[in-house]
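**Q** Return atomic coordinates for the entry below.
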Amino acid sequence: MKHNILILLLLLSGHCLGYAQQLVSGTVTDGRHPIAGANVFVKGTTDGCLTDSLGHFSFSTLKADSAQLMVTCIGYDNAERDWQKGQGPLAIRLYERTTTIDEVVVTGSTFQFGQANGVKQLGALDVVLDGGSCGDIVAALQSLPGTQKVGEDGKLYVRGGSSEECQTYINGMHVLQPYSTTAPNSPSRGRFSPFLFKGITFSLGGYDAEYGQALSSVLPMETTDAPVSGKLGVSASLVDWNIGGTKTTRQGCWSMNATYMDLGLYSRLFPDRWTWRKPYRQLSFETQWKTQPTPSSVWKSYLGFDRTTLSLNTDGRTLSLEENNLYLNSVAKGSAKGHVTWFAGLAGGMVWQDISDALLHGDRYCHRTGELHVKTKASKTLTAWMKGTIGMESFFRYQWLDYRLHDRLHSSKSYLLPALFAMTQYKLFKGCSAEASLRALDAAAPPAAQLQSLTPLAALALCRKLYPRARRHYHSA
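**A** Next up is the predicted model:
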């Protein structure tokens, strides 16, 4: 009995070996050069091999009469070929995979072409580990080519332009006032924590028509995506205390960061020429919420608030300052059928500033600035080489100024600036892309240069002209 079973097994193995003798061979090229490392296999089986340095492949299969071969290689489109028993060596050509216009192409000066959401030029650790930034996004960006520092101002300057020419955007929406209030002999800082953002990029020119309010550069920032777990962090130093964390839920995720800065101890350890009545104090709070209503859409909301106070004696008067800065935005974006992506956003910013003894003893300066920004756009990938975007936005801004001494100087204005923009992005060939963009403004709207917020220094200069006897006190203010 054992002898019969052994004979049967030998016959079956001989039958299988007969099938295993079917040889599949050939060469894989790109039309001019052989492709090494391409994976060639029989579809639905594990029979196959990789091509050698000359593009040759050869393997055996159990398929008796015919089979369908699959050829794959990174950077090339997949190819399928029919194979018949007794067929000679195959000549298979792979075509380079077409990169659609949706993918990101990075060129000089960190200019973003296409969707910038997928590129991370400057991360949170890059900011905090920069020796001269002290955790400030703006200070870290000042180390990039094309930027420069102007004295101890601390703001972002590009190619000699003013700081207002560089515009900041969060999740595609404009930020009215991205800087914190400064104390004497201290530089401005950015208002935002780097740990709440991803994709901190900086465009030194060449940005598209969507950012029509910028004159020299654009700083677009995207808030972070949903993390996989919650976390909490606390830090402290000689001058500030920080707490931040993230909480994940089934509906989405919530992140926050709070900072309290007090320069009182620092001023006592390192005194300066100012006589401080109340040291520079700043309370900052940021929070964001993200959720996905549908698998193809996402909704993000961001809130940031700063409160700054200080008081010091100068030239026989007590200058006291209080400033509150509030910014809120909410955006939704997603994709639809037909390779269409859409975006809609709403943002608002308000700045309240009150200064007592601003120019003379007993005076009071009040400044209010507000902005409402609405934007919507849609993009469609027309071909693998071409993408089009069309959108519209509107800015509503107002300014209110009140200066009181013996009488009252009051001024206010508001304006609406609607705009349409369109962009076409075209990939000429690998590594080279082109973009054409157009932006149309309401002809009745004021020029872009007149839309910048009136800075406190400019407002005080206006008051100085109206009150000549305050001229000698102006610089100390």
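
**Q** Just the helices from the chain, written as ranges.
**A** Applying DSSP state H to the chain gives helices spanning 2-20, 124-128, 137-141, 264-269, 456-466.

**Q** For the chain, which element, helix or strand, carries the lowest mean pLDDT?
**A** Least confident helix or strand of the chain, by mean pLDDT, DSSP states H and E, is strand 105-106 with a mean of 31.

**Q** got any ranges where the stretch 1-150 of the chain has weak pLDDT?
**A** The model of the stretch 1-150 of the chain has pLDDT under 70 over residues 1-21, 64, 98-135, 142-146, 148-150.

**Q** And the strands in it?
**A** Counting by DSSP state E, counting those that start in this stretch, the stretch 1-150 of the chain has these strands, from start to end: 22-29, 39-42, 48-50, 56-61, 66-72, 79-84, 90-93, 105-106, 112-113, 147-148.

**Q** Report the angle between the fourth one and strand 22-29.
**A** Meaning strand 56-61. 160 degrees (axes from the mean of the first three to the mean of the last three C-alpha atoms, to 10 degrees).

**Q** Could you pull out the buried residues of strand 56-61?
**A** Neighbour-count burial for strand 56-61 flags 57, 61 (criterion: 16 or more other C-beta atoms under 10 Å). For the C-beta atoms, the positions are set from N, CA and C on the backbone; glycine is no exception.

**Q** Identify the residues contacting that strand?
**A** The contact list for strand 56-61, computed with C-beta atoms under 8 Å, 6 or more residues apart in numbering, reads 20-28, 34, 38, 40, 42, 45, 47-51, 67.

**Q** quick one, what contacts the residue lying closest to residue 440 once chain neighbours are set aside?
**A** Leaving out its chain neighbours, the residue that sits closest to residue 440 by C-beta to C-beta, 6 or more residues apart in numbering is residue 420, at 4.8 Å. Residues counted as contacts of residue 420 (C-beta under 8 Å, 6+ apart) are 390-392, 439-440.

**Q** Quick check: beta-bridge partners of residue 420?
**A** Taking DSSP bridges as the rule, residue 420 bridges to residue 392, residue 440.

**Q** For residue 178, see how far away it is.
**A** Distance, residue 420 to residue 178, by C-beta to C-beta, to the nearest Å: 26 Å.

**Q** Same question for residue 23.
**A** 68 Å.

**Q** most centrally placed residue in the protein?
**A** Nearest to the mean C-alpha position of the chain, by C-alpha atoms, centre = their mean, lies residue 221 at 3.0 Å.

**Q** Touching, residue 202 and residue 219? I think so.
**A** Yes - here residue 202 reaches residue 219: they are 5.6 Å apart, a contact under C-beta atoms under 8 Å.

**Q** Now stretch 66-76: buried residues?
**A** Going by neighbour count (16+ other C-beta under 10 Å), the buried part of stretch 66-76 is 67, 69-71, 73, 76.

**Q** repeat for stretch 335-350
**A** Within stretch 335-350, the residues that count as buried by 16+ other C-beta under 10 Å are 341-350.

**Q** Ok, which of the strands of the stretch 1-150 of the chain comes nearest residue 377?
**A** With C-beta to C-beta as the measure, strand 112-113 is the member of the strands of the stretch 1-150 of the chain nearest residue 377 (15.6 Å).
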